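>>> build me a model:
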Amino acid sequence: MNNLDDVLHWAMTFIGLQLGDGSPVWLHPLLHVVLIAMPLALGFLAVALTVTGIRRRLRNRHMARPGPDGLLYLPTNVFRYIISYSRKEQVGLVLLGLLSMPVLYATLELPKLIINSALADEHVPASFIGYDISQIEHLFILCGIFLIAVIANGFLKYIMNVFKGRVGERLLRRLRLLIVRLWRRGHGPTRRSEVIPLVAQEVEPIGGFASDAFSLPMFQGGTFITILVFMFAQEPVLGAAALVLLPVQLLIIPKMQRRLNRLSRQRVAELRALGGVLGEQAAKVERESTDLILAAGSLRKIETIRINIHRAKFFMKALNNFLTALTPIFFYSIGGFLVIKGSLTLGALVAVLAAYKDFSAPLKELFGYYQSMEDVRIRYEEVRRFLLLGDAMHRADRL
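Model prediction:
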């Protein structure tokens, strides 16, 4: 225990924090979790995820070595498809996201300045670009700048979202047209009952993801880093406290996502099988009693799979919301103690609490992006498998 206390003392000295002898007993375990356990867990997870990603990439590259599959205009990876047909647009979206980061930081810093500068008597009279101004004038100037920053931030988000929608719709139209062309050339099963749901519904999420493929992780990741830097600038302990439950989320959510992936594959396969059954029944002249039984059984399987998907998805969402709601406890306890001791200003604590409300949003978006990426990856692979399966059947028939 003495070794851990020495590490904690070194970490606190490094960030310039001294608690003194009068610090409460409960504060030390919290600081052990925030300053020792959390960084170690994040470092371990970062190494583990990096190694897993490298292994998966090497395995996928090895599996993709066999010769060309004939789908020259449909790349083997959904990200390659997005880059192939929207490289310039993706660069523009990334630049728009980078441009909004300084504006976002200004919206976080200005409320603290309003509380600590404009509302504090010791800063009166204030100086603004070389002119002495009164406390009320200082307040309204900062509020005006804050209003401009909020409007600029909203305007940049609006432009980015409209641009993303246009990119997504164009890529979706191109993908649908490409699938129809390949199907007409002999790729995929010949039955229209199977290709229609593929073009109309199954590829729909791919278009939405195409606009977020690079811009969303950059924008939300940049937002996450910007808010985190702001928190560390106010008080390093509070910045570390914001990350205390992140290792738990990174450990649990990917495991649950793999279960969702398996269920998604089952749903796609069952929907396609249902389309084939209904197509065969529609071609019959006489209806049989077993036809309805087959369709009802397939629909029952789809219902069961979708219920399991809803259970897993909403359990993951509830768990993520619960863990996110726990973090402010560290802010109120540690931050409140620092304010009482005079080591942290009230304006800085209020600014950190306000920033954390926005801090959880990019995390949710990034976790949602991970779920969407896995879902779209599966859908794209199923599209290629659908076309390649039919292509193999046609070659076998010719032989």
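
>>> helices of the stretch 151-300 of the chain, residue ranges please.
Taking DSSP state H, counting those that start in this stretch to define them, one finds helices in the stretch 151-300 of the chain at 192-197, 204-212, 215-234, 236-241, 246-283, 289-326.

>>> those helices: lowest mean pLDDT?
Here the lowest mean pLDDT among these goes to helix 192-197, at a mean of 67.

>>> now do the same contact list for Ala273.
Going by Cβ atoms under 8 Å, 6 or more residues apart in numbering, Ala273 touches Ser298. In short, each C-beta sits where N, CA and C put it, glycine included.

>>> hmm, back to that, pick the most buried one from the helices of the stretch 151-300 of the chain.
Of all these, helix 236-241 carries the top mean neighbour count, a mean of 23, counting by mean count of other Cβ atoms under 10 Å.

>>> re earlier: can I get the helices of the stretch 151-300 of the chain in a markdown table with distance to Leu366?
Formatted as a markdown table, the helices of the stretch 151-300 of the chain follow (distance: least, Cβ to Cβ, whole Å):
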| stretch | distance to Leu366 |
| --- | --- |
| helix 192-197 | 31 |
| helix 204-212 | 11 |
| helix 215-234 | 5 |
| helix 236-241 | 18 |
| helix 246-283 | 10 |
| helix 289-326 | 11 |
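
>>> so which of the ones you listed is nearest Leu42?
Between Leu42 and the helices of the stretch 151-300 of the chain, the shortest separation by Cβ to Cβ is 5.5 Å, and it involves helix 246-283.

>>> that older thread, among the helices of the stretch 151-300 of the chain, which comes closest to Val162?
Closest approach to Val162 among the helices of the stretch 151-300 of the chain (Cβ to Cβ): helix 204-212, 10.3 Å.

>>> report the angle between the closest one and helix 215-234.
Relative orientation of helix 204-212 versus helix 215-234 (axes from the mean of the first three to the mean of the last three Cα atoms, to 10 degrees): 50 degrees.

>>> can you say which of the helices of the stretch 151-300 of the chain is nearest to Glu382?
That would be helix 246-283 among those, by Cβ to Cβ, at 5.1 Å.

>>> how far does the closest one sit from its chain's centre?
Here helix 246-283 shows a centroid-to-chain-centroid distance of 20 Å under the convention Cα atoms, centre = their mean, to the nearest Å.

>>> equivalent analysis for stretch 77-94, please.
Centroid separation between stretch 77-94 and its chain, computed with Cα atoms, centre = their mean, is 18 Å.

>>> ok, now stretch 85-100?
17 Å.

>>> so for it, what gets flagged as buried?
Buried residues in stretch 85-100, counted by 16 or more other Cβ atoms under 10 Å: 85-86, 89-90, 93-94, 96-97, 100.

>>> okay if I get those residues as CSV plus secondary structure?
Shown next, in CSV, are the buried residues of stretch 85-100 (DSSP: H, G, I helix; E, B strand; the rest coil):
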residue, secondary structure
Tyr85, helix
Ser86, helix
Glu89, helix
Gln90, helix
Leu93, helix
Val94, helix
Leu96, helix
Gly97, helix
Ser100, helix
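
>>> is it possible to get JSON lines of the residues you listed that adds distance to Leu243 and pLDDT?
Converted to JSON lines, the buried residues of stretch 85-100 look like this (distance: Cβ to Cβ, whole Å; pLDDT from 0 to 100):
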{"residue": "Tyr85", "distance to Leu243": "37", "pLDDT": "85"}
{"residue": "Ser86", "distance to Leu243": "34", "pLDDT": "86"}
{"residue": "Glu89", "distance to Leu243": "33", "pLDDT": "88"}
{"residue": "Gln90", "distance to Leu243": "29", "pLDDT": "88"}
{"residue": "Leu93", "distance to Leu243": "27", "pLDDT": "88"}
{"residue": "Val94", "distance to Leu243": "25", "pLDDT": "88"}
{"residue": "Leu96", "distance to Leu243": "27", "pLDDT": "88"}
{"residue": "Gly97", "distance to Leu243": "22", "pLDDT": "87"}
{"residue": "Ser100", "distance to Leu243": "23", "pLDDT": "88"}
